[in-house]
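Asks: Whatever this is, show me its structure:
(chains A and B)
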Amino acid sequence: MSRPSKLHKAVATDLATLLPITEENQQKAFDLMEKLGYTRPEETEEETLEEDPFKSHIGIYKPEIKDGKKYYHRDILQKGTWSFFADVQTIPPKSDKKRIVLLGESVTRGFLLDPEYTPAIVLDQLLKSYKEEVDYEIIDLAETNLGMAGIKERYIQCMALEPDMVVFLAGNNWREDLLFSLGSSPEKLQALQELMQGEEGIAAVKPLIEEYFSDLVDDFLGFVSNISKENGVPVLFTIPEYNLLDCKSTPAERIVSELPYDKLKTWILAKEKAEANLADGNLDTCMDEAKKMVEVDPSHPYGFELLADCSIKKEQYEDARHYYELARDTALFCRTNSKPRTFKIVQQTILAKAESHGIKVIDLPTVFKAHLDGKVPGRDLFLDYCHFSVEGIQIAMEAVYKVVLQEFNDTRKTHKEVKSIIPSNEGLALGHLFAAIHNAHWGQSYDILLHHCSEALAKSKDIAKTMVYYCDMISRAAANNVCKSLEKILEDNTKLDRYVHALIPARNMKNMELELVDAMTTVLKSHGVDITNYLLKIRLDEHDIKNRRINLLQNYYHATSYDEYQGQKTAFLQARDTKSDFFFVTDAKNNAELTISLRIPRIINENNDEVTVYVNDTEVIKIGVSSTWQTHTIDVSADVLKNGINVFKIKWPLVATSKEDQDDNSSTAILDAAFRVFGEICNMTVSGAQNSVSS
Amino acid sequence: MTRNIIGISAFYHDSACCIIQNGKLVAAVQEERFTRKKNDPDLPVKSFMYCLDEAGISIADIDCIAYYEDPVKKSERQLWSGSTQISADSIQEMDPNHVIKQIRKELGYDGPIKIYEHHQSHAASAFYFSEFDSAAILTVDGVGEWATTTYGTGKDNKVELFGEVTFPDSIGLLYSTITSYLGFKVNSGEYKVMGLAPYGDEKYLPQMRQLLHLEEDGKYSLNLKYFDFLRGERMYSDELPKLFGIPVRETDTDMLQHHMDIAKSLQRFLEETLIKMANYLHEKTGEDNLCMAGGVALNCVANGKILKNSPFKKMYVQPAANDSGCALGAAALAYTELYPEEKIEPLHNVYLGPHGTAKEIENLLSATSLKYEDCRAEGDAIEKVAQKLAEGKVIGWYNGRMEFGPRSLGARSILADPRILDMRDRINAMVKKREGFRPFAPAVLESKMYEHFDIDHPSPFMLETCQVKSRIDMPAITHVDNSARIQSVNDDHNPRFAKLLREFDKLTDCPILLNTSFNIKDEPIVSSPEDALVCFITTDIDCLVLEDFIISKEGNEITMLEMINNNFTERGRFELNPNVYTFI
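Replies: Numbers count the residues shown, from 1 in each chain, chains lettered A, B, ... in the order given. Below is the predicted model of the structure:
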């Protein structure tokens, strides 16, 4: 290593004072960089590539030659990801059977029913039953969490298995590949940022994002086509469908866009009117208001969902589908780490381009629509946002089965009834229970949670014990991974290995899961098991505000799902909707004392603005708020408190604010500029007051 | 009206936050303890919120945030270095204002922000929290903005630096380079080299002297042909193995005698260099007191030698001498700048972090399947723990507020009987999973320390070594050269820990316990009761003490808990490249 030149110190100092480099000082900075040698092309060194120990692997499978034949066994070194793959120890050598490799992601794994019941198992049974001349074998290489990049890799690897056909069922995880390609392209980010400068806000970027996405999918199809041709292996691509009817946007996905003040006001007013009219059954008025919402902000899912819900009530299923798809596709605007899904643009691109690439296609949205006589798919075909129910797997695999038979000119006369291929009641019960848990973690509504809890208990009474343990575990402040109730759940259910992670949230991400616990409690009660008082006792013991101060900014006391805002994380809470809810527990025998420090950033004209504080929907006080932090201590009368869970609601005023300085074009900066901050809270605690004085 | 100054160190390694309230340091914590990311360099968001909570204030009550390093000067050095980690593209992304922007954006703070230099912060962290009215100050670390070593004084409530050695000449980087050459992680393995040294012979001292040339006025320069840290991949060049005639030791391979000889030679060379620096500093200042900070000041073996071999009469080493401690220095600089008439209270103990309440611990334990003893009513937890220690049990000890700094000092400690012959190997095998050559440190009752150790003053922060002169044979804490890195404990600073030592003494006639940090290898020290419980579950610690609650492995079936916590939970991890010092 040589000592940098002393003469360069002054140059470095000059360059440092120019940072950050701007358009104005760019040339000067470049000259200084040149003097320091940074503009010279980098010396390329001969890289010594290390031998990849897994290069001959296919996913977790490692080749082994035995008696001159190639077997693939699970590699113990990759044990950590075994549960992402099929429950298959060994892939046998190629035989004279027609070998069909199934590639895909968690949908293809049959997530929530896997390993007992999977698409591969259903397809295998269909093909093997009543077989005549042609025999088949299915190699299930689907892997949970696999994205586009991963599936390309697996596709190349699987050619070593000498398949006669490759079936893809994939596309739900591709948003991550899109985001990666955007994040690694400053030009694309800048183009998106420029589009956002106008009054339309983030909605303006949709055509360009879709263009980028379409290009990505087209590249993928080209890649698949090339490999297919090189190896002479036909490909069938199955386009997934989404749970349009039942999977709604989560509270975090409904954060409000940053729009000009008047537009924002219009949107909020329209939303309030639409909700009120829907509640009153005035569907047409609700739709009029919802249309105003989507006109003002087509990036927001809620207006589309209201339109779709009204259309369903009016039995206008084609319209409903259209609106639900638009709502689903607002995940392109990345409010949160939204659940996996296949976007319209992906479906359209595949349908438009696959044939020219020599790829056969099954469009499951069309298949499911036909199956439902034009109705919109929901909990009948799905267990959650994109993972199929038993019926969903059956319908999808029956469609694949038919194309496979065509491909191999299999003209068998008799076919196995797909409906006869079903899992055990125990397997179904666990599937529904974990569907309830998974839906709760991803912000779905009470009725869907109740549905899955009911189904679970209907299939197997034994699941009741697991529900009780779950409610116990989630109601405690301790991390689930140390709870006795988790031990009990695992002791009672020995086949949970691939779902244990759903029981253990990431550090500090645990929340009360109030709606899930309510759903479980309700279902248990209907089966004669009443745990209401038991839970109340736990909650009071663990969380009662008596003699202590509870920090309501902890995730546990305000989060309702795992999805997270994707912009800059802050030390304080940023309210990105008009209302913020916080949960606390008290026996309601004494008053409560709320301390809150809050502000609304960048108010243009300070005008004695106020936020309204509600306790259990009763307004208790209005407090002043400005653009600087203010602290208030509020005495809350025991009269408005309930014995058990209580809710503080903060309603933020709509105030004209200036835009946040956007000094870079990073993806987080783009998102921060795109979404509205209604208010910020840096401190919010509640404690049991010493006396019973009313507020 | 309260005066609240926040200090922050971040964006390098060991980010931390502290708060000085009305002249008193009321809270300080490293971000890694909350995020469980070892050496977490990110803005200490969680630590910041904790400090506010502990001080009972909100963001609006902060008078000033002090940041520990000058980002513009740091950029100058980075740009000048020609590091291959920097390119024209990355320069386009550089923005020295990012520190202020991120403090404003992530912490929501609109008030004044003061920026101080890295070594100025180190120096202030040592001087203001010492009990000295005036002192000479020596700071030595890898690198700050430009400085790697500084000389200064503290007097009249002010710190002034009058001399410095600048990058790339750095004895801290030299030490890290040899650390890496010996197969240890940079920025965390330096302690191991220090621990390895007593097993070796200083036969490579002449080669060490070729690595660094000491000049006049406390200056020195590195012989850069032996180094390669600017490339961002490794610390040493191909010339270094040639100089020693020994190939680079691969991590986790056998430790051979020549590796120990190199460690010893390095340690000796560090000591002789620091002594020369200290002598120069004394000559320039004439002060009796010496304050030290910077990562190199954590070398407790060298610290003892400096005091013994220089004219200084007293020494104070800031216990969080690494970069996390710079948060303290920056806060102190801002405080004394804003309120020049006010003094800052000396740092008497390091129990400045979060603690779990009895109710929280009770709720935690009642949620588990574990059987436990609740000793609150009887008040006999200490006696019971002492008994268990005397029976040879290894104890996970969670007691009060967490320590600030890299040392466990009886708040988040693993404790054991130091007299047991195989205790070192047992703890290494059951918890620490670390190299067997390193002895553990002793904690000793201050009132009895002089009977057992050759030292004439308290050592509350475990920053000095001395010879063991005890009649008791204590193989688990005595190094091969008969030295020990001691912590003295008294009732003022940690009454519970002092009581435990007393009770253990009553039972065994030994007022000393083995004391090591409560963590697993490569994970941050435990912070919450839950962290401690998971560490207990996933290691072979015999007994966990959470304040007045005692949980024993004996009588508890933990197979399922162990499986869950070993396989399904996120564990602590390293955030930085362990092969090279972070310059960028």
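
Asks: Any residues of the stretch 201-350 of chain B in contact with chain A? List them.
Replies: Residues of the stretch 201-350 of chain B lying close to chain A by Cβ under 8 Å from any Cβ of the partner chain are B:Leu224, B:Lys225, B:Phe227, B:Asp228, B:Phe229, B:Leu230, B:Arg231, B:Ser237. All C-beta atoms are positioned from the backbone trio N, CA, C, and that covers glycine.

Asks: The fourth one is in contact with B:Leu222, isn't it?
Replies: If I follow you right, that is B:Asp228. No - using Cβ atoms under 8 Å, B:Asp228 makes no contact with B:Leu222, being 11.7 Å away.

Asks: So for those two, which residue has more residues nearby?
Replies: Shown here are B:Asp228 and B:Leu222; by other Cβ atoms under 10 Å in any protein chain shown, B:Leu222 has more neighbours (23 against 19).

Asks: partners of that one in the sheet?
Replies: Beta-bridge partners recorded for B:Leu222 (DSSP bridges): B:Leu212.

Asks: quick one, what contacts it?
Replies: B:Pro168, B:Asp169, B:Ser170, B:Leu173, B:Leu174, B:Leu211, B:Leu212, B:His213 (Cβ atoms under 8 Å, 6 or more residues apart in numbering or on different chains).

Asks: swap in A:His322?
Replies: Here A:His322 is in contact with A:Ala308 (Cβ under 8 Å, 6+ apart).

Asks: Am I right that it falls within a strand?
Replies: No - going by DSSP: H, G, I helix; E, B strand; the rest coil, the assignment for A:His322 is helix, not a strand.

Asks: The host helix or strand of A:His432: which residues count as buried?
Replies: Element membership for A:His432 (DSSP states H and E) is helix A:425-441. Neighbour-count burial for helix A:425-441, counted by 16 or more other Cβ atoms under 10 Å in any protein chain shown, picks out A:427-441.

Asks: so what secondary structure elements neighbour whichever helix or strand comes after it?
Replies: Sequence order places helix A:446-459 as the next helix or strand after helix A:425-441, per DSSP H and E. Contacts defined by 3 or more Cβ pairs under 8 Å, 6 or more residues apart in numbering or on different chains; DSSP states H and E place helix A:446-459 against helix A:425-441, helix A:463-474, helix A:514-526.

Asks: for the second one, what is the average pLDDT?
Replies: This points to helix A:463-474. Here helix A:463-474 scores 97 as its mean pLDDT.

Asks: Now the helix or strand that that helix is followed by: average pLDDT?
Replies: Downstream of helix A:463-474, the next assigned helix or strand under DSSP H and E is helix A:484-492. If you average the pLDDT over helix A:484-492, you get 95.

Asks: can you count the residues close to B:Glu76?
Replies: 24.

Asks: Name the helix or strand for B:Ala136, please.
Replies: Counting by DSSP H and E, the element that carries B:Ala136 is strand B:135-140.

Asks: and that strand, what other elements does it pack with?
Replies: Applying 3+ Cβ pairs under 8 Å, 6+ apart, one finds that strand B:135-140 contacts helix B:118-127, strand B:147-155, helix B:257-285, strand B:289-293.

Asks: of all those, which lies closest to B:Leu364?
Replies: With Cβ to Cβ as the measure, helix B:118-127 is the member of the helices and strands packed on strand B:135-140 nearest B:Leu364 (34.4 Å).

Asks: what's the distance between that closest one and the middle of its chain?
Replies: The chain centre lies 15 Å from the centre of helix B:118-127; the measure is Cα atoms, centre = their mean, to the nearest Å.

Asks: So what touches that helix?
Replies: Taking Cβ under 8 Å, 6+ apart as the rule, helix B:118-127 contacts B:9, B:68-70, B:74, B:116, B:135, B:137, B:139, B:141, B:144-145, B:147, B:150, B:152, B:154, B:159, B:161, B:164, B:291-294, B:297, B:316-318, B:320-321, B:323, B:325-330, B:332-333.

Asks: can you give me the angle it makes with strand B:147-155?
Replies: With axes from the mean of the first three to the mean of the last three Cα atoms, to 10 degrees as the basis, helix B:118-127 and strand B:147-155 are set at 40 degrees to each other.

Asks: Domain-wise, how is chain A divided?
Replies: Split into domains by automatic domain parsing, chain A comes to A:94-247+A:339-409, A:252-333, A:425-541, A:550-688.

Asks: Could you export those domains to TSV, including columns for distance to B:Ser180?
Replies: Below are the domains of chain A laid out as TSV (distance: least, Cβ to Cβ, whole Å):
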stretch	distance to B:Ser180
domain A:94-247+A:339-409	31
domain A:252-333	44
domain A:425-541	31
domain A:550-688	33
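
Asks: Rounded mean pLDDT for the helix holding A:His432, please.
Replies: pLDDT averaged over helix A:425-441 gives 96.

Asks: picking that back up, what subset of the residues of the stretch 201-350 of chain B next to chain A is buried?
Replies: B:Leu224, B:Lys225, B:Phe227, B:Asp228, B:Phe229, B:Leu230, B:Ser237.

Asks: Where is pLDDT lowest across those?
Replies: B:Leu230 (80).

Asks: With adjacent residues omitted, what lies nearest to A:Asp609?
Replies: A:Pro653 (4.9 Å; Cβ to Cβ, 6 or more residues apart in numbering or on different chains).

Asks: Likewise for A:Cys386?
Replies: In this structure, A:Cys386 finds its nearest non-sequential neighbour in A:Asn172, 5.0 Å apart by Cβ to Cβ, 6+ apart.

Asks: do A:Asn231 as well
Replies: A:Met159 (5.1 Å).

Asks: Tell me where the model's unsure across the stretch 51-200 of chain A.
Replies: Residues of the stretch 51-200 of chain A meeting the criterion pLDDT under 70: A:51-53.

Asks: how about the helices of it, start to end?
Replies: Listed in chain order, the helices of the stretch 51-200 of chain A (DSSP state H, counting those that start in this stretch) span A:106-109, A:119-128, A:148-158, A:174-183, A:186-195.

Asks: Flag every residue of the stretch 401-550 of chain B that's near chain A.
Replies: Contacts of the stretch 401-550 of chain B with chain A, taken as Cβ under 8 Å from any Cβ, map to B:Glu530, B:Leu533, B:Val534, B:Ile537.

Asks: what would those residues look like in JSON lines with pLDDT?
Replies: Below are these laid out as JSON lines (pLDDT from 0 to 100):
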{"residue": "B:Glu530", "pLDDT": "97"}
{"residue": "B:Leu533", "pLDDT": "98"}
{"residue": "B:Val534", "pLDDT": "96"}
{"residue": "B:Ile537", "pLDDT": "96"}
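
Asks: Let me have these in a markdown table, extended by neighbour count.
Replies: As requested, these are exported to a markdown table (neighbours: other Cβ atoms under 10 Å in any protein chain shown):
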| residue | neighbour count |
| --- | --- |
| B:Glu530 | 21 |
| B:Leu533 | 27 |
| B:Val534 | 24 |
| B:Ile537 | 24 |
